[in-house]
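Chemist: attaching a predicted model along with its sequence, questions to come.
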Amino acid sequence: KKFGFGQGGSVAGHTRRMWDGRCVVALVTGALLLGCGGSSTPSTAGATAGVGDLHVSLERPRYLVVSRKVEIILRNQGANPISVDTLQLTSEAFEAVEPTLRSVDVPPGQRVDVPVPYGEARCGNDITEHTVRLGIGGSGPQEWELEDADEAIGLLHSEECHRQAVEAAADIDFGMRWRQLDERSVRTTLVVRRAESPDRIVVDEIRGGVIWSLKTLGPQRTPALALPEGEDEAEVDVQLGILRCDPHGMAESKKTYRFPIYVSLGEAEAQYLEVEPTGSGRALLERMLDDCANG
């Protein structure tokens, strides 16, 4: 129904090769990370030539955080190409995610950036070391320890846990009443209902997407909607409008019926969530969009 999390700048972490050859699953970024480097050397069991020349870092670009991904930076500081076929980041901060199978070639002296997803945060857990397992050149998984990643991973973890707290604090949905205004626009409400938190809950901003616009009705409102302490429910009238219904736009739209909102709890920073219409409202929007595309 809604999900998401906060955005921020890019933070990086680096890796070193661990001395033993055990494999560890990384729960943080849920996909793959490659790493090695420094003065460390690969384990003798199943070691692959050149892995000591592969260095890894982690960044969290803002545009990827919204889609629950981070970026793994692979640098080949050796003289021979390195081929990576599996990657997996593991950490106590996040739920485990299945290893990513992907063929990544890193030429000598080059850098390759790999976006990878991560799992749900394990809130309340202590965050210690973060490791990466990867397969190189068809070899079995080998283990790297990701150093200097505490800041990047810690920020992702705290944002995710804050996002979970916001979602637990209130239910935010479109209302039950929908009224079509014309061929391209419809009116309804955005509703906040208190759940667990006694704090003030604020919808700072609402946004449309590629296909649909979304705005509050009447004078521009800042914030879009607020639920004061001591009150259980608040709503605001909103209007949705079709921005485009051409085949190209429809094909490019990945979140046609999911609308970004930014919600803050108390004095904390606003978190990115998404709200999606259901029931009769969703059916109305789908019918309007089909009529537009076929008209």
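Modeler: Received, thanks. Numbering: from 1, shown residues only.

Chemist: hang on, E143 in a helix?
Modeler: No. Assessed with DSSP: H, G, I helix; E, B strand; the rest coil, E143 is strand; it does not lie in a helix.

Chemist: what about it, how many neighbours?
Modeler: For E143, the neighbour count with other CB atoms under 10 Å is 22. C-beta: built from backbone N, CA, C; applies to glycine.

Chemist: please, where are all the helices along this structure?
Modeler: Assigned by DSSP state H, the helices in the chain fall at 62-65, 150-169, 247-252, 279-294.

Chemist: most packed of the ones you listed?
Modeler: Of these, the one with the most neighbours on average (mean count of other CB atoms under 10 Å) is helix 150-169, at a mean of 20.

Chemist: against which helices or strands is that helix packed?
Modeler: Counting contacts by 3 or more CB pairs under 8 Å, 6 or more residues apart in numbering; DSSP states H and E, helix 150-169 is packed against strand 13-17, strand 54-59, strand 259-265, strand 271-275.

Chemist: same thing but at 10 Å, please
Modeler: Judged by 3 or more CB pairs under 10 Å, 6 or more residues apart in numbering; DSSP states H and E, helix 150-169 is in contact with strand 13-17, strand 54-59, helix 62-65, strand 69-76, strand 82-91, strand 130-136, strand 259-265, strand 271-275.

Chemist: same list (these) but as JSON lines, adding mean pLDDT and distance to V191.
Modeler: Supplementary listing: the helices and strands packed on helix 150-169 in JSON lines, determined by pLDDT from 0 to 100; distance: least, CB to CB, whole Å:
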{"stretch": "strand 13-17", "mean pLDDT": "46", "distance to V191": "40"}
{"stretch": "strand 54-59", "mean pLDDT": "81", "distance to V191": "37"}
{"stretch": "helix 62-65", "mean pLDDT": "80", "distance to V191": "27"}
{"stretch": "strand 69-76", "mean pLDDT": "83", "distance to V191": "30"}
{"stretch": "strand 82-91", "mean pLDDT": "83", "distance to V191": "36"}
{"stretch": "strand 130-136", "mean pLDDT": "78", "distance to V191": "40"}
{"stretch": "strand 259-265", "mean pLDDT": "92", "distance to V191": "12"}
{"stretch": "strand 271-275", "mean pLDDT": "90", "distance to V191": "10"}
